[in-house]
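1. Sequence plus predicted model, see below.
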Amino acid sequence: MTTARIYARNLFANWGAHVAGLVVMFLVSPFVINSLGKIEYGIWSLLVVVTGYMGMLDLGVRASTGRYVILYLGKGDDVRVNETIRTGMGAYTVAGCLILVVGVVLGWFFPSLFTSVPADYYGVLRVLLPAMAVNVWVTAVRVIYSSVLTAHDRFDIARAMDMVVLAIQTAGTVVVLKLGYGIRGLVPVVIGCNLVGLVGNRYLARRTHPGLRAWPPSLIRGRLRELFSYGVAAFICGIGQKMINQVDILIVGAMIGVAAVTTYSVGGMLVYYSAALIGQIGATFFPPVQRAAVRGQIDQVRTLLYRQVRIALMLGLLMNAGFIAFGGKFIELWMVGPKFGLADAGKATVVMTILAGSRLLYLLTIGSNGLLAAVGHIKFNAVTAVAEALANLGLSVLFVAAFGWGLAGVAAGSLAARLISRAFIVPWYACRKIGLSFGRFLLETAGPACLAGAAFGGICYAIRVGFPSVSWRQFAMQVALALVCYVPIAWILLVPQADRRLVMGWLRSRSRPAGEA
């Protein structure tokens, strides 16, 4: 299989898995929210965010394990591949004990941190948080096995396993909520599904890499030193990214209330899912970027950076501009029910609009963080991530406490922080490290993107005014019309001329009669 086909297979495998998650979210989220209610769903969202932060206590071991597996596979050193995996598992098992202790402590102090949690949930949280801490360890081991698959460029297999787990978790969620178990039933479902994923990933990793020897876990000094030398910076970067993506939920829960967490989550749900979808572009291209960097193929690194940004712009402009234009009607049609009213939908729409705007600023950075990590500058990623996270936290608190902007203030903090710290700094530094003119980079990427965004935004506004919707059918027609209009805009402004020639040549070859030369 050619390199281009491998990239395409991996990218579409990642996208397929995220689209499946998006479909499940679309179908199941209204049922989950209206089954749990705003308060219990808000508590569940906070549980997920808090345990996500607990996973950072590995000090970056999980991220650095995947990086060194790719590195040693690129060098053909199977012995160090196995040593890296075993050491990663050993280090994370030690960290898992600390995570469990933290889970027990947080279970007791959770009501003190989020004072709007009703007293009826105090006892439940003291059991559920330690259980979710155990799930953090299970997830980490599952991801380590998955890194073996992705290091071999078998994202298709890894994502197929993820989709199996998604199907089981979806069915389990519906069953436990139908039976009235609430969040007490959701936690066992999540843990059980991750165990299925761990077993499945282990089996697939051994099939893909027959020389894999991942057991027993150990702490090999040389590999441990490597993991922590890269991992501490990855840990700082991960903490920053967690704060960027999830601190909003904590601020809402602590300063506004757990019921407001549900409203904010609805507003941010599609934006976060689309961001994860676009983020998969960087994840898919990281292994070849890492290999090219190790081999000193800087021209190939530059080519891969351009490819990632252009794909991100084509997809990201469509999605985020669409959220801004059509998000309000979508939330109204999608979520309004007995426990989520029109007023809640209006607040969620404001959140979606602001967050989608902040994500538009992020598109130029797709690929830059992975590139910097590959060429040994992950510390810069860590510094910029922490700077953005702190700016996000400080500005969000300021907008809520001092200006009284409520949920809109929390979202505005994300927008302002992204504009200040990361809109241009990260891609500028990445270009500098590979000898690429940043001015040229902006001219060839941001310039066409601004033109495309302005044209598409005007078309979306005209569609909203000219063809108002009050039903799913009319809304679908609006979106379809916007998509049809976007295709020629993206084709002319965002697809490079060389790629247009390739596509047209391929189409002409497919249209010829079978016997024609």
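-> That came through fine.

2. from the chain's centre, how far out does the host helix or strand of Leu481 sit?
-> Using DSSP states H and E, Leu481 sits within helix 472-493. How far helix 472-493 lies from its chain's middle: 25 Å, per Cα atoms, centre = their mean, to the nearest Å.

3. Mind listing residues that contact whichever helix or strand comes after that helix?
-> Per DSSP H and E, the first helix or strand lying C-terminal to helix 472-493 is helix 497-511. Contacts to helix 497-511, defined as Cβ atoms under 8 Å, 6 or more residues apart in numbering, come from residues 491, 495. Placement of C-beta: from N, CA and C, glycine included.

4. Report the buried residues of the helix holding Leu481.
-> Residues of helix 472-493 classed as buried: 475, 478-479, 481-482, 485-486, 489-490, 493 (neighbour count, 16 or more other Cβ atoms under 10 Å).

5. Okay, domains of the protein per the record?
-> Per the record, the chain has its domains at 3-435, 439-505, by automatic domain parsing.

6. What average pLDDT does the last one get?
-> Domain 439-505 carries an average pLDDT of 90.

7. For that domain, measure first residue to last.
-> From its first residue to its last, domain 439-505 covers 31 Å (Cα to Cα, to the nearest Å).

8. what residue ranges in the stretch 301-450 of the chain are flagged as low confidence?
-> Across the stretch 301-450 of the chain, the ranges flagged by pLDDT under 70 are 421-423.

9. Now do the helices in it.
-> Assigned by DSSP state H, counting those that start in this stretch, the stretch 301-450 of the chain shows helices spanning 342-360, 368-374, 378-401, 406-421, 425-433, 438-466.

10. Without its sequence neighbours, what residue ends up closest to Ala416?
-> Leu395 (5.1 Å; Cβ to Cβ, 6 or more residues apart in numbering).

11. One more: Phe340?
-> Ile33 (5.9 Å).

12. now Phe26
-> That would be Trp334: by Cβ to Cβ, 6+ apart, it lies 7.1 Å from Phe26.

13. give the contact list for that neighbour.
-> Trp334 makes contact with 26, 29-30, according to Cβ under 8 Å, 6+ apart.

14. Where does pLDDT dip in the stretch 51-200 of the chain?
-> 55-63, 74.

15. ok so, going back, got the contact list for the residue nearest to Phe340?
-> Listed by Cβ under 8 Å, 6+ apart, the contact partners of Ile33 are 41, 262, 266, 335, 337, 339-340.

16. Please apply the same query to Thr170.
-> Applying Cβ under 8 Å, 6+ apart, we find Thr170 in contact with 24, 28.

17. Mind doing that once more with 6 Å?
-> Contact analysis of Thr170 by Cβ atoms under 6 Å, 6 or more residues apart in numbering lists Val24.

18. host element of it?
-> Assigned by DSSP H and E, Thr170 belongs to helix 155-178.

19. secondary structure element for the closest residue to Pro216 other than its chain neighbours?
-> The shortest distance from Pro216 to any residue other than its chain neighbours is 7.2 Å, reached at Arg86 (Cβ to Cβ, 6+ apart). Using DSSP H and E, Arg86 maps to helix 78-113.

20. Now that helix: buried residues?
-> Buried, per 16+ other Cβ under 10 Å, within helix 78-113: 80-92, 95-96, 99-100, 102-103, 106-107, 110-111.

21. do the same with stretch 382-399
-> Residues 382-393, 395-397, 399 are the ones in stretch 382-399 that count as buried (16+ other Cβ under 10 Å).

22. if we can go back for a sec, may I have the helix holding Thr170 as CSV, with CA atoms only?
-> The C-alpha trace of helix 155-178 is given here as CSV (Å, rounded to 0.1, in the frame of the first residue of the first chain):
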residue,chain,number,x,y,z
PHE,A,155,-5.4,3.2,13.1
ASP,A,156,-8.1,1.3,11.3
ILE,A,157,-7.8,-1.7,13.7
ALA,A,158,-7.5,0.5,16.8
ARG,A,159,-10.6,2.6,15.9
ALA,A,160,-12.5,-0.6,15.0
MET,A,161,-12.0,-1.8,18.6
ASP,A,162,-13.0,1.7,19.9
MET,A,163,-16.3,1.4,17.9
VAL,A,164,-17.0,-2.0,19.4
VAL,A,165,-16.5,-0.5,22.9
LEU,A,166,-18.7,2.4,21.9
ALA,A,167,-21.5,0.1,20.8
ILE,A,168,-21.4,-1.8,24.1
GLN,A,169,-21.3,1.3,26.2
THR,A,170,-24.2,2.9,24.3
ALA,A,171,-26.4,-0.2,24.9
GLY,A,172,-25.3,-0.4,28.5
THR,A,173,-26.1,3.3,29.1
VAL,A,174,-29.6,3.0,27.7
VAL,A,175,-30.3,-0.1,29.8
VAL,A,176,-29.2,1.3,33.1
LEU,A,177,-31.0,4.6,32.6
LYS,A,178,-34.2,2.8,31.5
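
23. Please state the offset of the helix or strand following that helix from the chain centre?
-> Next helix or strand after helix 155-178 toward the C-terminus (DSSP H and E): helix 183-208. Offset of helix 183-208 from its chain centre (Cα atoms, centre = their mean): 19 Å.

24. begin at 45 from here
-> Happy to do that; since the first residue is 45 now, the last one works out to helix 227-252.

25. Return the set of buried residues in helix 227-252.
-> Of the residues in helix 227-252, 227, 229-231, 233-234, 236-239, 241-242, 244-246, 248-249, 252 count as buried by neighbour count, 16+ other Cβ under 10 Å.

26. Next: stretch 329-344.
-> So stretch 329-344, judged by 16+ other Cβ under 10 Å, has buried residues 329-337, 344.

27. give the contact list for Leu221.
-> Applying Cβ under 6 Å, 6+ apart, the residues near Leu221 are Ser79.

28. confidence score at Asn289?
-> Asn289 is given a pLDDT of 63.

29. Please tell me how far the nearest residue to Trp181 once chain neighbours are set aside sits from Ala177.
-> Spatial nearest neighbour of Trp181, excluding adjacent residues (Cβ to Cβ, 6+ apart): Gly140 at 3.8 Å. Distance, Gly140 to Ala177, by Cβ to Cβ, to the nearest Å: 8 Å.

30. what packs against the next helix or strand after the helix holding Arg130?
-> For helix 122-157, the following helix or strand on the C-terminal side (DSSP H and E) is helix 166-195. Applying 3 or more Cβ pairs under 6 Å, 6 or more residues apart in numbering; DSSP states H and E, we find helix 166-195 packed against helix 47-98, helix 105-119, helix 122-157, helix 199-222, helix 227-252.

31. buried ones in helix 166-195?
-> By neighbour count on 16+ other Cβ under 10 Å, the buried set for helix 166-195 is 169-170, 172-195.
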